[in-house]
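Q: predicted model and sequence below, questions to follow.
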Amino acid sequence: MVEVRLEGIRLTREGFTLEIPELEVRDGELMTLLGPSGCGKTTTLRIIAGFERSGGRVFFDDEDVTEKEPYERNIGIVFQDYALFPHMTVFENVAFGLRLKRLPKSEIERRVRDVLELVGLTGMENRYPEQLSGGQQQRVALARALVIEPKVLLLDEPLSNLDAKIRERLRGEIKRIQRETGTTTIYVTHDQEEAMAISDRIAVMKDGRILQVGEPLELYYHPKTEFVARFLGTANILELEAEGGKASLGNLCFSLGDVSGRVKVFFRPESVMISEGEDAEVVGYEVLPGRMRMTLEIEGQKITAERPLPELPFSHKKVPKKVGVKILEYSTLP
């Protein structure tokens, strides 16, 4: 296991600038780089791997690896497109890196057997990639990265080519495997749900910058910018006028401390408690797996609320036209 540290990273190319003054990935943690396409996530991963050269330094613990080639850094990489050798069996694909290291045959067989058991592919050693499902191919790619016992595991959008159900299952497997091996892991994705589910900490990126780093729930409930608030799920942001530390919208009153003037009040849909009353008009709703999402309007401003699905029997005729509203948890944004 190893701590990864970036210092003074700067890379400019074709009008895009990546700038990371400092980033630390702790020993044994799973850190996710999260952001929209083109924000610099994969470029950051490639700098850590040694495929891209930039200003600044890259450290593995106290070792400066900035000038080292990728094969000298002892890293494992899983790509979006699996990158398996089609003419090799599962065993041969996984054993490829070990054979390059010229390990004894018995050691190679032991390691391959152990890692295939870890990723749930025991018994598939003699199959070829074309005989495997997409999820199984991704497990082979993960096994190949893990079998060399890397200091750092780098995962670049590893689940994006799979359908939703397989992605959900495999992300749980990746989290389990990472916990069992304790390998310091850096995971790249644009999927906020995937990042929330799998990560110890998340670094949210935009336009080549890291906006905020923190644990999933910290970022979700206490974002420091409007971009982070909106990117991590559904955000309610009300622009209100505060006076004497208070702001109001209809019957809703927000206590904001020592704040005056125009403010942005932020809260999540699940922080909206709905009851009988006439604080808000129900202007729309969606029935989603396990929950109902309602759109409410108060004095021309819309907010989103979520609540568990009601018990059967249920029909749209039972959704009230007006409801009482209370906000359980909220904060302000810059």
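A: That came through fine.

Q: when you work out contacts or count neighbours from here on, use the C-alpha atoms and nothing else.
A: Noted.

Q: what helix or strand is the residue at minimal distance from the centre of the chain on?
A: What sits nearest the mean C-alpha location of the chain, by C-alpha atoms, centre = their mean, is residue 195, with 1.8 Å. Residue 195 is part of helix 192-198, with elements assigned from DSSP states H and E.

Q: give me the nearest residue to the residue nearest to the centre of the chain, chain neighbours excluded.
A: Counting by C-alpha to C-alpha, 6 or more residues apart in numbering, residue 195 lies nearest to residue 32, which is 6.3 Å off, once chain neighbours are set aside.

Q: how about residue 188, secondary structure?
A: Residue 188 carries the three-state label strand when classified by DSSP: H, G, I helix; E, B strand; the rest coil.

Q: I figured it hits residue 160, correct?
A: No. Between residue 188 and residue 160 there is no contact under C-alpha atoms under 8 Å: 10.4 Å.

Q: those two - which one has more neighbours?
A: Each of residue 188 and residue 160 had its neighbours counted (other C-alpha atoms under 10 Å), and the higher figure belongs to residue 188 (23 against 14).

Q: across the sheet, point out what pairs with the more buried one.
A: Taking DSSP bridges, one finds residue 33, residue 156 as the beta-bridge partners of residue 188.

Q: break the chain into its domains for me.
A: Domain assignment for the chain by automatic domain parsing gives 4-231, 236-333.

Q: chain center to the longest one, what's the gap?
A: Averaging C-alpha positions (C-alpha atoms, centre = their mean, to the nearest Å) puts domain 4-231 12 Å from its chain's average.

Q: and that domain, how far apart are its ends?
A: Using C-alpha to C-alpha, to the nearest Å, the gap from the first to the last residue of domain 4-231 comes to 26 Å.

Q: tell me the pLDDT at residue 146?
A: In the prediction, the pLDDT value recorded for residue 146 is 95.

Q: and the nearest residue to residue 160 once chain neighbours are set aside, what does it touch?
A: Closest residue to residue 160 in three dimensions, ignoring its sequence neighbours and counting by C-alpha to C-alpha, 6+ apart: residue 80, at 6.7 Å. The contact partners of residue 80, taken as C-alpha atoms under 8 Å, 6 or more residues apart in numbering, are 156, 157, 158, 159, 160, 161.

Q: now stretch 209-221: average pLDDT?
A: Here stretch 209-221 scores 97 as its mean pLDDT.

Q: helices and strands around the worst-scoring helix or strand of the chain on mean pLDDT, which ones?
A: Among the secondary structure pieces of the chain, namely its helices and strands, helix 164-181 has the lowest mean (mean pLDDT, DSSP states H and E), a mean of 90. Applying 3 or more C-alpha pairs under 8 Å, 6 or more residues apart in numbering; DSSP states H and E, one finds that helix 164-181 contacts helix 192-198.

Q: so which bits of the helix it packs on are buried?
A: Neighbour-count burial for helix 192-198, counted by 16 or more other C-alpha atoms under 10 Å, picks out 192, 194, 195, 196, 198.

Q: what is that helix packed up against?
A: Contacts defined by 3+ C-alpha pairs under 8 Å, 6+ apart place helix 192-198 against strand 30-34, helix 164-181, helix 216-221.

Q: any idea how far the longest strand that the chain contains is from the chain center?
A: Using DSSP state E to define each element, the chain has its longest strand at strand 272-288. Between the mean C-alpha point of strand 272-288 and the mean C-alpha point of its chain there is a distance of 30 Å (C-alpha atoms, centre = their mean).

Q: after it, heading C-terminal, what element do we hit next?
A: Next in sequence after strand 272-288, counting helices and strands by DSSP H and E, comes strand 291-298.

Q: only alpha carbons, please: show that following strand as PDB.
A: Extracted in PDB, the C-alpha atoms of strand 291-298 (Å, rounded to 0.1, in the frame of the first residue of the first chain):
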ATOM      1  CA  ARG A 291     -39.500   6.800  -3.900                       C
ATOM      2  CA  MET A 292     -41.800   9.500  -5.200                       C
ATOM      3  CA  ARG A 293     -40.300  12.800  -6.500                       C
ATOM      4  CA  MET A 294     -42.600  15.800  -6.200                       C
ATOM      5  CA  THR A 295     -42.300  19.200  -7.700                       C
ATOM      6  CA  LEU A 296     -43.700  21.900  -5.500                       C
ATOM      7  CA  GLU A 297     -44.200  25.600  -6.100                       C
ATOM      8  CA  ILE A 298     -44.100  28.400  -3.500                       C
END
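
Q: so which bits of that strand are buried?
A: Buried residues in strand 291-298, counting neighbours by 16+ other C-alpha under 10 Å, are found at 293, 294, 295, 296, 297, 298.

Q: what angle sits between whatever helix or strand comes next after that strand and strand 291-298?
A: For strand 291-298, the following helix or strand on the C-terminal side (DSSP H and E) is strand 301-308. Interaxial angle of strand 301-308 relative to strand 291-298 (axes from the mean of the first three to the mean of the last three C-alpha atoms, to 10 degrees): 150 degrees.
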